[in-house]
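Asks: coords please:
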Amino acid sequence: MKILIIKLGALGDAIIATAVIKQILKHHAADNIHLLTSPPFIQIFSHFDKLQIDSFERGEIFNMLRTIPWIRKHKFDRIYDLQSNDRTRVFCTLSGCSYIAGNHPHYPYTIHPKKTYIGECHSFDRLNQIIESANIIPAQAIPYLPINKPTINKVNYWLEKHDFLYKPFVILHAGSSLTNTKKRWPHFKELACELNNLFGIVWVGGNDDAELNHTLSTASGIDGTNQFNIFELAELGKHARFTVANDSAPMHILSCSQTPVFGLFGPTYPRRTHALGQFNNIISSDKSLARNDLEFKPSKISSISLNMVLNKLKENKLI
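Replies: The predicted structure follows:
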């Protein structure tokens with residue numbers, strides 16, 4: 001059979017989907033499998049065995065019009081639409097495929113969970129429900145991001161250079177995309193001052209975090225902006241005592257490290273988007289946590305006090 005998996009979305013979404021995609025590959029081990037994803041995510045899936053990766057740029061109608069004939073030309077026997085948004089529903093509707101698994105209990109999906117998703121569980125759990133409806137064994141809640149030897153060596157060299165091979169350190173991500181600065185917790189400087197006597201501090205992030213990280217690292221810690229790719233950051237996280245991060249791509253990448261990741265949530269809904277496997281490490285001003293999207297009320301992330309974060313770390317015997 002020819003199989004198509006669709007996964008677009010944001011970087012965090014792609015990380016969350018890795019274990020589910022691996023499970024689809026296992027189920028269809030004898031089949032020809034394609035993944036349609038966004039160009040920035042090709043590297044995430046590049047180490048998956050027997051997976052052909054295809055990508056088209058998002059955002060332009062021309063690229064959408066190119067994608068539909070490409071899907072039809074391949075005559076896929078099954079489609080697993082792990083995105084299930086307006087764009088991918090159009091792809092599925094015009095695909096010519098009769099077996100389409102997706103998130104919504106209506107056309108064009110012929111295989112789907114019984115109930116409409118309203119954020120009552122993590123997005124990963126919903127992806128599992130999609131593949132379960134297709135009689136595929138659900139994935140474990142551990143992101144799949146295999147790390148090669150050169151990456152391990154590069155991170156070890158960086159750790160040795162900064163005297164962190166044997167000295168305990170923590171990772172802090174204080175930033176966010178510049179289009180979503182409401183996610184930024186304003187007390188990272190004070191947190192770093194509290195932690196600095198116990199741990200080394202590494203500030204991580206990309207271009208959007210550069211100015212903030214430069215400012216914060218002048219007070220304490222090392223500025224690690226743009227020093228690690230996705231795989232290197234995941235490997236770095238394996239050596240850290242813990243991470244504290246805003247709801248962000250680094251938060252999801254560091255969940256691959258299987259070390260504690262404390263996610264800070266105000267304007268975004270933690271039950272749906274927390275770091276995979278880190279539900280107990282959510283830090284939110286909403287202590288009860290809304291049960292679904294309808295109940296969730298965004299709040300200012302500044303309502304999370306420094307003491308709330310410190311107390312969470314103390315509860316986990318990390319400080």
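Asks: wait, doesn't residue 96 sit right on residue 75?
Replies: Yes: judged on Cβ atoms under 8 Å, residue 96 makes contact with residue 75 at a distance of 6.8 Å. To be clear about C-beta, it is placed using only N, CA and C from the backbone, and glycine gets the same treatment.
Asks: Tell me which of these two has more neighbours.
Replies: residue 96 (13 against 10; other Cβ atoms under 10 Å).
Asks: In space, what's closest to residue 177 - neighbours in sequence excluded?
Replies: Leaving aside its chain neighbours, residue 177 sits nearest to residue 208 (5.2 Å; criterion: Cβ to Cβ, 6 or more residues apart in numbering).
Asks: that's a helix at the one you found, yeah?
Replies: Yes: using DSSP: H, G, I helix; E, B strand; the rest coil, the assignment for residue 208 is a helix.
Asks: What count of nearby residues applies to it?
Replies: Neighbour count for residue 208, taken as other Cβ under 10 Å: 17.
Asks: just checking, it touches residue 173?
Replies: No: Residue 208 lies out of contact with residue 173 (Cβ under 8 Å); the separation is 11.1 Å.
Asks: Would you state the helices of this protein in chain order?
Replies: 11-27, 42-45, 61-74, 86-93, 123-133, 149-161, 188-195, 210-219, 230-239, 249-254, 270-273, 306-315 (DSSP state H).
Asks: Just the pLDDT for the closest residue to residue 38 other than its chain neighbours.
Replies: Spatial nearest neighbour of residue 38, excluding adjacent residues (Cβ to Cβ, 6+ apart): residue 8 at 5.2 Å. Note on residue 8: pLDDT of 92.
Asks: which residues sit in contact with residue 309?
Replies: Listed by Cβ atoms under 8 Å, 6 or more residues apart in numbering, the contact set of residue 309 reads 187, 191, 244, 262, 264, 283.
Asks: which of the residues you listed lies closest to residue 157?
Replies: Distance to residue 157, by Cβ to Cβ, is smallest for residue 244 among the contacts of residue 309, at 25.2 Å.
Asks: For the helix or strand of the chain with the lowest mean pLDDT, which helices and strands make contact with it?
Replies: One helix or strand of the chain scores below all others by mean pLDDT, DSSP states H and E: helix 61-74, with a mean of 86. Packing contacts for helix 61-74, counted by 3 or more Cβ pairs under 8 Å, 6 or more residues apart in numbering; DSSP states H and E, involve strand 2-6, strand 32-37, helix 86-93.
Asks: quick one: which of the ones you listed is nearest residue 251?
Replies: Closest approach to residue 251 among the helices and strands packed on helix 61-74 (Cβ to Cβ): strand 32-37, 20.4 Å.
Asks: Sheet partners, orientation included, of the closest one?
Replies: Using DSSP bridges, the strands paired with strand 32-37 in its sheet are strand 2-6 (parallel), strand 52-55 (parallel).
Asks: Contacts made by the shortest one with the rest, please.
Replies: With contacts defined as Cβ under 8 Å, 6+ apart, strand 52-55 is touched by 32-39, 41-42, 45-46, 70.
Asks: So for it, what gets flagged as buried?
Replies: Residues of strand 52-55 classed as buried: 53, 55 (neighbour count, 16 or more other Cβ atoms under 10 Å).
Asks: same thing with stretch 141-157?
Replies: 141, 143, 144, 145, 147, 151, 154, 155.
Asks: Isn't the fourth one up against residue 230?
Replies: Yes: with contacts defined as Cβ under 8 Å, residue 145 counts as touching residue 230 at a distance of 7.3 Å.
Asks: which residues do these two both contact?
Replies: Common contacts of residue 145 and residue 230, defined by Cβ under 8 Å, 6+ apart, comprise 44, 253.
Asks: can you name the two of the contacts of residue 309 that are farthest apart?
Replies: Within the contacts of residue 309, 187 and 262 form the most distant pair, 13.1 Å apart (Cβ to Cβ).
Asks: Those two: who's more crowded?
Replies: More neighbours surround residue 262 than the other of residue 187 and residue 262, with 22 against 18 (other Cβ under 10 Å).
Asks: Any figure for the gap between the more buried one and residue 201?
Replies: Per Cβ to Cβ, to the nearest Å, residue 262 is found 14 Å from residue 201.
Asks: For burial, what's the neighbour tally of residue 44?
Replies: When neighbours are defined as other Cβ under 10 Å, residue 44 has 24 of them.
Asks: Quick check: it touching residue 14?
Replies: Yes: counting by Cβ under 8 Å, residue 44 does reach residue 14; the two are 5.4 Å apart.
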